[in-house]
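> Pasting a predicted model and its sequence here:
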Amino acid sequence: MEYFIQQLVNALSVGSEYALLALGLAIVFSIIGLVNFAHGELITVAGYAMFFAAATWLPNPWLALPIGIGGAALAAIVFEKVAFRAIRNASTNTGILTAFGVSIIVQNVFIIFVATRPKPVQTPDFLSSMITIGELTVPTLQVLETVVTTIAIAALLIILKKTTVGMAMRAASKDFMAVRLMGIKANWVIQSAFIISGILAGIAAVFIISRRGAVDPFMGSVPVLKAFVACVLGGLGSLQGAVIGGVALGVFEVLLQVTLPQEITAYRDAIVFGVVGLVLVAFPQGLLGRKVELGDKEA
Amino acid sequence: MNHLLRTARNSALPIIVLTAVGTLIYFFAEAYQVRIAYAFFMNLVVAIGLQVFMGNSGVVSFGHVSFMGVSAYVVAILTIPLALKKTQIPDAPFGLGFVQFDVVTAILIALAVTVAFAWVSGLLIKRVSGAAGEILTLAVLVICYVVFNAWIDLTRGPRSLYGIPIASSLPWAMLASAFVIFVAKFFRDSEDGLQLRASSENMLAARSMGVRVERLRLKAWVLSGFLVAIGGVLHATYLGTIGPNSYYFTQTFLIMAMVILGGMRSVSGVIVGTALISVGSELARTLENGPMVFGTKLPTMFGLTGFFLGAVIVLCMTLRRDGIMGDDEFEDVLRNRRASKAAKAAADTAAQAV
Amino acid sequence: MLELSNITVQYGVVKAVRGVSLKVEKGEIVSLLGPNGAGKSSLVSAAVGILPVAGGTIRFEGTDITKKPAETVVAMGLTLTPEGRRVFADLSVAENLHLGAATRKDRDGVAADIEKYLKMFPILGERYHQTAKTLSGGEQQMLAIARSLMSRPKLLMLDEPSLGLAPRIVDRIFELMLDLKRDGLTMLVVEQNATDALGISDRGYILASGSLVYEGDAKAMVDSEDLMEAYLGSGVH
């Protein structure tokens, strides 16, 4: 029982991480149809922001957390301004390839100016502590990750429901032209979406970095692949889908980790991608996606 | 037959030029230059192979480098001498630890295995379109990479396999790229290629005219998988040693930049793109190592090659989305130039007459 | 108030509108008529800035807005209720109205306006918290108009407000437009339903194949059977 609960907490925390990243991807995709390959680099930027802050002027690991999140949000704004604005109304292909290019550039900038080797980053000590409740001992980080993700999702829901920008984002995901006819600036809506995706990626980054204790130029690639999978699983562009897809993926991964014999666990990611591939073939719009007929208006 | 001849005529120019340059390098250049030329022709094979799918179907694929990997691993496992195999992969499954084929047989088997793999994966890929389909191609890349790393009994995992008989040389790579150029152009201008290209521009219209898009997409996927597999063979039989990292993102970046810069819808474009990227990344690599310029040693800057490739992709997408050649092949460019010359001459004559 | 001079709108090589000039004066209702595909929607879409103009100039209250994007034009007081209504289907009626007022900072004014339009369109009050996709076509049209009004436009362009609606609802919508005129709103109405539109209009323009073929007084146009036959065909019933 204790083992079961520990693994459940573990699964939820992994799922939360994927959900945070997938949500960011989904928000941007739903509004401008961009498959943001460079989303993983937001994590990397957050990581290096924390690393530099700690190494230079702010040796307090507590301050590293908001700096990481802010760094990711800032990077998201810069990506949008510098690269994605120029291709805003272009095809999905152009978007996916541009984002791919941005991702390569960012990785290599860190290789050029920092190093390929991992660099250690210090996070507050309590993140690596354990919580004991009666018989049960679980890592603080895992509990916190689930709690913070839940709060972040709740905050996002409030923004989407109650604020003008939130309503505009929901409206823009279906009909951007009509949103502009309300006098709402396209740039404002799109930038807000990027900032939100950056903040969510930054939050995920804090947890990822606390777990790894180090940053390297490629640290964003694996998480973003998982986030893609979560998004596709839930139906690209669906926000609920992204959350459900992320949690489902986390649970599935931990389940594989726990139940598979040792020699097969090395194949875990291959199995995950394989299963997702099969799901996609059966449900091309994802498990929760809306079926889009050919000839439908592209939102 | 007609189509064969026309393709032969249209492929002649690039093939002759490439062969001439390649031959000069082969006979007169330094060994390291020959190596660079070999890499160029090998990447050309892979890039054109990728073009056959991406350019005709309009679907971006991140998975093709895996076909290179599959064929390279099959060649390696089948040709490495038994004694070396015993030290590297003693527990190889299916009794593969005790067989050794001659290179030609091994290559044929490698191509067949890759085609079979392309066909099976294609059955899934063809059914999912749009962004989800493209993420599915990414899944192919990741799955293959994981398997290359994890199936240690067969592939030696993350460590390199070595001892593959070195059977290839620059002329073989030149021959292979000539073949690949011909096949790619043949497919592009074939009935299937035309219909597939039409469908990539307007899926609804193509479907309503009875084009069986999925079937054509599968065809292009398998054909391009076959061509890329040739690239894998060239890789394994020249280097003599392979590892999983050669068939992952780095190689994907490189090939993608080549295809995009020249223009993914045109075979000629890919040739141009491959040439430019090869030269460019060679320059970047030199700069990376901190060369001496005017007596000062520049600092080493690892990552410059990758930065260069990423910048090429982003700049291309923002400034010239269709690549250098757009929809045109070399023969189209020549014909247009001739046509505009003729038009100008006609206009001049008319002007004189007045 | 709104002055289009020599406007051309192009889709690739196809010209949808060829050098059309028209004017709307303050306090008027002007009809823009013509058969399907005449370029009416393209013209008003270009005027509000959601389609690029290939040639000509657009002035609104004396300011050149030819190159201004829709969001700026709307904030200046020129709004379009688009063809097919385009209400935000997944948002509630309340949220739709709220978004309509996105350019405004006066919270109290917005609240007062919402109250006012709920009185004008009582059905929207009943459906206030329902999502827009649950509304009938006529209700959606009313929501679309109310949503446009929330930005307090000086000139409202309506693209085919009667499209696909039952005659009773169409009458209701045209009555509403007269009410709005009385409140001082200027309107440009794109319609295929020529008789009804001219009935509430001061002046009318007829567009055919992208060119202006007639302009004149609305009363005179309705009375001229030849004109109605020639250009508006099925419009006369």
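Sure, I can see it. Numbering: from 1, shown residues only, chains lettered A, B, ... in the order given.
> can you pull out the strands in the chain?
Picking chain A for this. Secondary structure of chain A (DSSP state E): strands at A:119-120, A:130-133, A:136-139, A:214-215.
> oops, chain C please
Counting by DSSP E, the strands of chain C are C:2-11, C:14-24, C:29-33, C:55-60, C:63-64, C:78-81, C:155-159, C:186-191, C:203-208, C:211-217.
> Identify, out of the ones you listed, the most deeply packed stretch.
strand C:78-81 (a mean of 28; mean count of other CB atoms under 10 Å in any protein chain shown). Backbone N, C-alpha and C define where each C-beta goes, glycine included.
> So is it next to chain A?
Yes. Counting by CB under 8 Å from any CB of the partner chain, chain A has neighbours in strand C:78-81: C:79, C:80.
> Point out where the stretch 251-354 of chain B drops to low pLDDT.
Counting by pLDDT under 70, the stretch 251-354 of chain B has low-confidence residues at B:351, B:353-354.
> got the residue ranges for the strands in it?
B:292-293, B:296-297 (DSSP state E, counting those that start in this stretch).
> Neighbouring strands - and their directions - for the first one?
Strands flanking strand B:292-293 in the sheet, each with its direction: strand B:296-297 (antiparallel) (DSSP bridges).
> State the mean pLDDT of the one helix or strand residue B:9 maps to.
Using DSSP states H and E, residue B:9 maps to helix B:2-28. Averaged across helix B:2-28, pLDDT comes to 89.
> Counting neighbours, which bits of the following helix or strand past it end up buried?
Remark: after helix B:2-28, the chain's next helix or strand is helix B:31-57, criterion DSSP H and E. By 16 or more other CB atoms under 10 Å in any protein chain shown, the buried positions in helix B:31-57 come out as B:34, B:36-57.
> Make JSON lines out of the strands of the stretch 251-354 of chain B and add distance to residue A:174 and mean neighbour count.
Listed next are these as JSON lines, based on distance: least, CB to CB, whole Å; neighbours: other CB atoms under 10 Å in any protein chain shown:
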{"stretch": "strand B:292-293", "distance to residue A:174": "56", "mean neighbour count": "8"}
{"stretch": "strand B:296-297", "distance to residue A:174": "58", "mean neighbour count": "8"}
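> Would you mind giving those as JSON lines with distance to residue C:48 added?
Listed next are the strands of the stretch 251-354 of chain B as JSON lines, based on distance: least, CB to CB, whole Å:
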{"stretch": "strand B:292-293", "distance to residue C:48": "57"}
{"stretch": "strand B:296-297", "distance to residue C:48": "59"}
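> Between those strands, which one is closest to residue A:135.
strand B:296-297 (63.8 Å; CB to CB).
> Off-centre distance for that closest one?
37 Å (CA atoms, centre = their mean, to the nearest Å).
> Next: stretch C:188-198.
10 Å.
> What number of residues are in the vicinity of the residue of the stretch 1-150 of chain A found nearest chain C?
Going by CB to the nearest CB, chain C is nearest to residue A:30 of the stretch 1-150 of chain A, at 11.2 Å. Residues lying near residue A:30 (other CB atoms under 10 Å in any protein chain shown) number 22.
> Now do the same contact list for it.
By CB atoms under 8 Å, 6 or more residues apart in numbering or on different chains, residue A:30 lies in contact with A:169, A:173, A:237, A:238, A:239.
> can I assume the last one is in contact with residue A:27?
This points to residue A:239. Yes. Residue A:239 is within contact range of residue A:27, at 6.7 Å (criterion: CB atoms under 8 Å).
> what do those two both touch?
Counting by CB under 8 Å, 6+ apart, nothing touches both residue A:239 and residue A:27.
> Tell me which stretches of the chain form helices.
Let's take chain A. A:2-32, A:39-55, A:61-79, A:92-113, A:140-162, A:164-172, A:176-180, A:186-212, A:221-234, A:239-259, A:268-282 (DSSP state H).
> not what I meant, chain C
Counting by DSSP H, the helices of chain C are C:40-48, C:70-76, C:93-100, C:107-120, C:122-126, C:137-149, C:167-182, C:194-200, C:218-223, C:225-232.
> likewise the stretch 101-250 of chain B?
B:103-125, B:130-150, B:152-155, B:170-189, B:191-201, B:203-208, B:213-239, B:249-262 (DSSP state H, counting those that start in this stretch).
> roughly how far apart are the closest residue to residue B:228 other than its chain neighbours and chain C?
Nearest non-adjacent residue to residue B:228, counting by CB to CB, 6 or more residues apart in numbering or on different chains: residue B:49, 3.7 Å away. To chain C, residue B:49 is 34 Å away according to CB to the nearest CB, to the nearest Å.
> Who are the contact partners of residue B:49?
B:64, B:67, B:180, B:184, B:224, B:225, B:226, B:227, B:228, B:229, B:230, B:231.
> Using PDB, list the CA coordinates for stretch A:131-141.
Presented in PDB, the C-alpha positions along stretch A:131-141 are these (Å, rounded to 0.1, in the frame of the first residue of the first chain):
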ATOM      1  CA  ILE A 131       7.700  14.600   3.900                       C
ATOM      2  CA  THR A 132       6.700  11.900   6.300                       C
ATOM      3  CA  ILE A 133       3.000  11.400   7.100                       C
ATOM      4  CA  GLY A 134       2.500   8.600   9.500                       C
ATOM      5  CA  GLU A 135       4.000   5.500   7.800                       C
ATOM      6  CA  LEU A 136       4.400   7.200   4.500                       C
ATOM      7  CA  THR A 137       7.500   9.000   3.200                       C
ATOM      8  CA  VAL A 138       7.400  10.900   0.000                       C
ATOM      9  CA  PRO A 139       9.700  13.500  -1.700                       C
ATOM     10  CA  THR A 140       8.600  17.100  -1.000                       C
ATOM     11  CA  LEU A 141       9.300  18.000  -4.600                       C
END
